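# have a look at this prediction, sequence included:
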Amino acid sequence: MASDLHRFDPLVPDREEGFMNLISRPLAWWRENRTTALATFTALFILLFTAGGAAGAANAVVKSEADSPVAGETFTIATDTTWAPFEFERDGELRGIDIDLIRAVAEDQGFEVEIDVLGFDGALAAVQSGQADAVMAGMSITAEREKSFDFSNPYFDSGIQMAVATDDDSITGYEDLAGETVSAKTGTEGYAFAESLGEEYGFEVTGFQDASDAYNDVTAGNSAATFDDYPILAYGIATGNVDLKTVTEQEKASSYGMGVKKGANAELVTAFNEGLANLIEDGTYQEILDDYLGDDAPEAASIGNGQAALGNQTLDVGEPGQLPEIPDFATDTPVENGTFTIATDTTFAPFIYQEGGENVGIDMDLLRAIAANQGFEVEVKTLGFDGALAAVTSGQADGMIAGMSITEERKQEFDFSDPYYSSGVQMAVAEGSDIASYEDLAGETVAVKTGTVGYDFASELSDEIGFEINSFQDSADMYNDVATGNSAATFEDAPVLQFGIASGNVPLQIVTDPEPGADYGFAVAKGQNAELLEMFNAGLKNAQDSGAYQMIVDRYLAIDDEESGGTSFFDLVMTSFPALGQGLLLTLAATGLSILFAMILGIIFGILKLSSNVFLRALAGAYVNIFRGTPVLVQAFFFYFGVPAVTGQPLDALTAGVITLSLNAGAYITEVVRGGVQSVDPGQMEASRSLGLGWGASMRRVVMPQAFKIMTPNLINQFIITLKDTSLLSVLGFAELTYQGRIVIASTFRSFEIWLVVGAMYFIVIWLLTLLSNWFDRKFNK
């Protein structure tokens with residue numbers, strides 16, 4: 001039996017057969033049976049591949065649903081009734097971009113949806129009352145709504161257009177609406193835009209619950225025009241059901257998002273974001289957009305500046321100081337429009353502050369982005385708010401950007417750009433304070449920064465409530481005044497206050513909601529630099545339309561909680577020391593130059609005061625009285641702002657500072673020289689003259705050497721005073737030690753530690769200078 005089995009097995013050789021039979025028998029079997037074998041192998045391969053693929057697909061589906069945080073759940077989605085192409089009835093079925101999208105997301109993430117058609121206002125109320133889990137109704141993501149709703153990533157970027165009746169050729173722009181009535185659907189950005197525009201152009205706005213009623217009001221002649229989101233208008237006109245025509249370009253509006261009640265259904269939002277990203281990646285969402293919008297459909301992957309395609313990942317907004325990298329916003333425009341000097345504040349984070357020795361912030365990044373987009377260059381001067389105002393009005397700077405509120409009073413002195421930020425005012429108190437409202441401030445003192453909307457708001461409120469105002473040049477000083485208990489509260493622009501608290505370095509707490517504030521604008525002197533203003537407006541619009549503006553704002557205001565928090569004192573010193581060291585070098589340079597020129601002036605005018613010529617004595621006396629009788633700060637402002645305004649020739653901060661300190665110190669040294677010379681025995685001069693020396697030689701070889709021995713202590717004292725006076729040059733934007741300290745405080749709000757370090761650096765330098773001076777005194781005055 002074994003031999004029979006062995007005989008019929010083609011792959012088992014006979015023991016007696018040689019090596020050649022071991023090879024030849026399988027080959028012979030293969031030649032006789034290859035057709036059958038190939039068919040068998042192919043069938044097995046197909047079977048295994050199909051089974052493996054099916055198993056893989058099943059595993060993928062299971063994995064996708066398993067990863068979804070809401071797999072297997074059912075959610076009620078509230079929506080509008082008539083807002084095609086986002087929600088409407090097609091072939092007896094509820095359809096639209098919103099409806100198709102939420103169903104596709106639900107399928108991708110493994111959950112079920114029940115659509116509840118309630119109208120827009122009803123949908124909002126249903127979510128807030130808990131009757132619905134989310135609202136999906138072309139809902140614009142706005143700051144106001146974000147107070148009550150949490151939004152998904154944007155799934156559509158909208159715009160607003162104006163439309164009129166097709167046979168109406170009289171209205172082609174907003175100016176033609178004066179005295180007319182326009183229609184809009186309530187709750188939409190078109191309605192809000194029309195209302196704001198109505199105040200400017202003088203027309204009335206009629207609101208309707210449905211877009212179709214708003215359109216019909218125009219075709220019936222009751223309204224002259226209507227405002228609506230462009231996809232709604234475009235869809236209605238394209239279908240032939242809306243007898244209107246658009247007459248304006250799209251105005252930039254907000255993006256649409258799915259909304260849930262604040263603090264609720266976070267997992268649904270997460271699932272929606274992931275599902276939306278998946279649908280964009282596989283092309284499903286693009287097919288939905290193309291189905292309803294055709295050639296007008298946007299590119300799905302670019303919605304929300306690409307945020308929609310990222311799911312729950314964070315959009316990379318770039319580093320501070322970095323130009324935004326967005327395809328629709330050019331930053332490589334050839335520089336053909338010149339260079340402009342722009343003045344700014346020093347301490348108004350997150351709009352302007354320094355990081356790594358570079359000016360950064362919303363204002364700085366936006367300015368550089370606009371300059372790169374419009375083909376001009378900027379030279380930034382950080383002068384402080386009041387100094388920046390003076391620089392523009394005196395012609396030292398071409399423009400100013402410093403979180404500057406656009407007010408009617410300022411419009412008398414400045415021309416403003418279009419607003420680039422809308423601010424609000426909030427009140428903050430020290431942690432643990434009992435003050436919770438404005439009424440609690442009666443009889444107290446509050447701290448504010450000069451030149452801000454917070455200052456104006458506090459001034460008006462103080463008359464009503466009855467509190468005192470303590471004003472500061474820097475936000476950090478203002479915050480510290482509250483933290484130390486000197487002031488009960490502070491009023492500040494909301495983004496500035498929130499940025500400081502979020503950084504972990506401002507120990508205050510916000511106790512009020514933002515009050516309506518003012519718009520920030522870029523400013524130039526009245527009637528000057530109109531071309532610069534025009535380029536700024538054009539660049540700002542490009543930045544807003546392309547998303548570059550929002551990217552810059554998010555870079556500073558969307559702070560990661562994990563990154564917030566204070567740093568240790570050692571880390572603070574290490575990170576700030578390069579900037580402080582650079583400031584110290586400039587302090588020493590300004591001091592050295594000032595002392596050199598002051599000595600020359602002091603010796604010349606000191607000798608003139610000893611002259612027998614009345615005119616020369618009067619000239620020297622006038623010089624001394626003027627520069628000893630006026631504050632150094634006033635002199636600095638005079639040379640930096642006043643002289644250029646008269647001569648038309650601007651001075652840089654170092655030049656103006658050295659001139660100021662040289663003339664000021666020279667006046668004091670003049671009196672030191674005069675006193676030192678007069679202290680020398682007059683017989684010394686007489687003796688040298690009797691030996692045949694001239695007056696000049698006698699002074700140089702006999703009198704002055706003796707006088708310098710007498711003057712040395714006073715000169716050393718004046719050198720120290722001049723070194724300390726360099727700190728006053730910080731108001732001119734001169735980056736000496738005090739200025740660098742203010743810059744570091746602007747971004748860290750750690751004023752106590754920074755001023756401690758700055759003070760220690762001044763003390764060490766002055767102590768070393770004193771030791772050096774005493775050594776010279778001992779060596780040359782033996």
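Yes, it's here.
# residues touching the residue nearest in space to the middle of the chain, list them.
Centroid-nearest residue in the chain: residue 362, 2.1 Å away (criterion: Cα atoms, centre = their mean). Applying Cβ atoms under 8 Å, 6 or more residues apart in numbering to residue 362 gives the contacts 350-351, 421, 552-553, 555-557. (Each C-beta comes from the backbone N, C-alpha and C, glycine too.)
# now, of the residues you listed, which are buried?
Using 16 or more other Cβ atoms under 10 Å as the burial test, these include 350-351, 421, 552-553, 555-556 as buried.
# out of those, which sit inside strands?
Among the buried ones among the contacts of residue 362, the ones falling in strands (DSSP state E) are residue 421.
# residue 230: which of the buried ones among the contacts of residue 362 is nearest?
Checking the buried ones among the contacts of residue 362 against residue 230 by Cβ to Cβ gives residue 553 as the nearest, at 23.6 Å.
# spit out the contact partners of the closest one.
Contact partners of residue 553, counting by Cβ under 8 Å, 6+ apart, are 362, 421.
# quick one: it from residue 520, how far?
Computed as Cβ to Cβ, to the nearest Å, the residue 553 to residue 520 distance reads 12 Å.
# can you list residues touching both of those two?
By Cβ under 8 Å, 6+ apart, the residues touching both residue 553 and residue 520 are residue 421.
# where does the prediction get shaky in the stretch 51-200 of the chain?
Residue ranges of the stretch 51-200 of the chain with pLDDT under 70: 51-68.
# burial measure for residue 495, as a count.
Residue 495: 24 surrounding residues under other Cβ atoms under 10 Å.
# distance check, it against residue 334.
Distance of residue 495 to residue 334, given as Cβ to Cβ: 34 Å.
# quick check: bridge partners of residue 415?
Residue 415 forms beta bridges with residue 524, as assigned by DSSP bridges.
# so it sits right up against residue 524, yeah?
Yes. Under the criterion of Cβ atoms under 8 Å, residue 415 makes contact with residue 524 at 5.3 Å.
# follow-up on the earlier one: tell me the phi and psi of the residue nearest to the centre of the chain?
Taking degrees, to the nearest 10, you get phi -60, psi -50 for the backbone angles of residue 362.
# residue contacts, the closest residue to it other than its chain neighbours?
Nearest residue to residue 362, sequence neighbours excluded (Cβ to Cβ, 6 or more residues apart in numbering): residue 351, at 4.9 Å. Shown in contact with residue 351 (Cβ under 8 Å, 6+ apart): 345, 361-363, 402-403, 421, 495-496, 520.
# nearest to residue 76 among the residues you listed?
Of all the contacts of residue 351, the one with the least separation from residue 76 (Cβ to Cβ) is residue 495, at 36.2 Å.
# and of the contacts of residue 362, the nearest to residue 101?
Closest approach to residue 101 among these (Cβ to Cβ): residue 553, at 27.1 Å.
# look up how far residue 420 lies from that closest one.
Per Cβ to Cβ, residue 553 is found 10 Å from residue 420.
# can the contacts of residue 351 go into CSV with extra columns for distance to residue 529, secondary structure and pLDDT?
Below are the contacts of residue 351 laid out as CSV (distance: Cβ to Cβ, whole Å; DSSP: H, G, I helix; E, B strand; the rest coil; pLDDT from 0 to 100):
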residue, distance to residue 529, secondary structure, pLDDT
345, 19, coil, 85
361, 22, coil, 88
362, 22, helix, 91
363, 17, helix, 93
402, 16, coil, 90
403, 20, coil, 87
421, 21, strand, 88
495, 27, helix, 81
496, 27, helix, 81
520, 18, strand, 90
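# which one of these has the most neighbours?
Counting neighbours by other Cβ under 10 Å, residue 345 comes out on top of the contacts of residue 351 with 31 neighbours.
# list the contacts of the residue nearest to it when sequence neighbours are not counted.
Of all residues not flanking residue 345 in the chain, residue 402 sits nearest, at 3.9 Å (Cβ to Cβ, 6+ apart). Residues near residue 402 by Cβ under 8 Å, 6+ apart: 343-345, 348, 351-352, 363, 385, 388.
# residue 402 and residue 750: what is the separation?
From residue 402 to residue 750 the distance is 22 Å (Cβ to Cβ).
# next: residue 531.
Using Cβ to Cβ, residue 531 is found at 42 Å from residue 750.
# what helices and strands are in contact with the helix or strand containing residue 378?
Assigning secondary structure by DSSP states H and E places residue 378 in strand 377-382. Under the contact criterion of 3 or more Cβ pairs under 8 Å, 6 or more residues apart in numbering; DSSP states H and E, strand 377-382 touches strand 339-344, helix 362-374.
# the same query, at a cut-off of 10 Å, please.
If you count contacts as 3 or more Cβ pairs under 10 Å, 6 or more residues apart in numbering; DSSP states H and E, strand 377-382 packs onto strand 339-344, strand 358-360, helix 362-374, helix 385-394, helix 737-748.
# can you give me the buried ones in that strand?
Quick answer for strand 377-382 (16+ other Cβ under 10 Å): 378, 380-382.
# let's have those in TSV, adding distance to residue 627.
Output for those, formatted as TSV (distance: Cβ to Cβ, whole Å):
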residue	distance to residue 627
378	35
380	32
381	26
382	27
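# quick one: the residues you listed as JSON lines, columns for pLDDT and distance to residue 479 too.
What follows is the buried residues of strand 377-382, written out as JSON lines (pLDDT from 0 to 100; distance: Cβ to Cβ, whole Å):
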{"residue": "378", "pLDDT": "94", "distance to residue 479": "30"}
{"residue": "380", "pLDDT": "92", "distance to residue 479": "25"}
{"residue": "381", "pLDDT": "89", "distance to residue 479": "25"}
{"residue": "382", "pLDDT": "85", "distance to residue 479": "20"}
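# can you tell me which of those residues is closest to residue 208?
The shortest approach to residue 208 among the buried residues of strand 377-382 belongs to residue 378, at 47.0 Å (Cβ to Cβ).
# any stretches of the stretch 601-750 of the chain with poor pLDDT?
For the stretch 601-750 of the chain, residues meeting the criterion pLDDT under 70 lie at 746-749.
# and if we set it to 80?
Along the stretch 601-750 of the chain, segments meeting pLDDT under 80 span 645, 648, 650, 681-686, 689-690, 692, 694-703, 731-733, 742-750.
# swap in the stretch 351-500 of the chain?
Scanning the stretch 351-500 of the chain for pLDDT under 80 picks out 354-357, 423, 451-453, 473-476, 498-500.
# helix/strand/coil for the nearest residue to residue 278 once chain neighbours are set aside?
Nearest non-adjacent residue to residue 278, counting by Cβ to Cβ, 6+ apart: residue 108, 5.2 Å away. Counting by DSSP: H, G, I helix; E, B strand; the rest coil, the backbone at residue 108 sits in helix.
# so residue 108 touches residue 284, yeah?
Yes. With contact defined as Cβ atoms under 10 Å, residue 108 and residue 284 form a contacting pair (8.1 Å).
# from the contacts of residue 402, which two are the most distant?
Spatially, the most separated pair among the contacts of residue 402 is 343 and 351, at 13.7 Å (Cβ to Cβ).
# which residues do those two both contact?
Common neighbours of residue 343 and residue 351, using Cβ atoms under 10 Å, 6 or more residues apart in numbering, are 401-402.
# and for residue 286, the neighbour number?
Applying other Cβ under 10 Å, we find 16 residues neighbouring residue 286.
# so it makes contact with residue 299?
Yes. At 7.5 Å, residue 286 counts as touching residue 299 under the criterion of Cβ under 10 Å.
# need the residues touching each of the two.
If you check residue 286 and residue 299 against Cβ under 10 Å, 6+ apart, the residues they both contact are residue 280.
# thinking again about what came up before, what sits in contact with each of residue 415 and residue 524?
Common contacts of residue 415 and residue 524 (Cβ under 10 Å, 6+ apart): 399, 530, 532-533.
# could you look up the SS state of residue 575?
Here residue 575 is helix, with the state taken from three-state DSSP.
# quick check: it vs residue 463, distance?
The gap separating residue 575 from residue 463 is 43 Å, by Cβ to Cβ.
# perfect, I'm done here.
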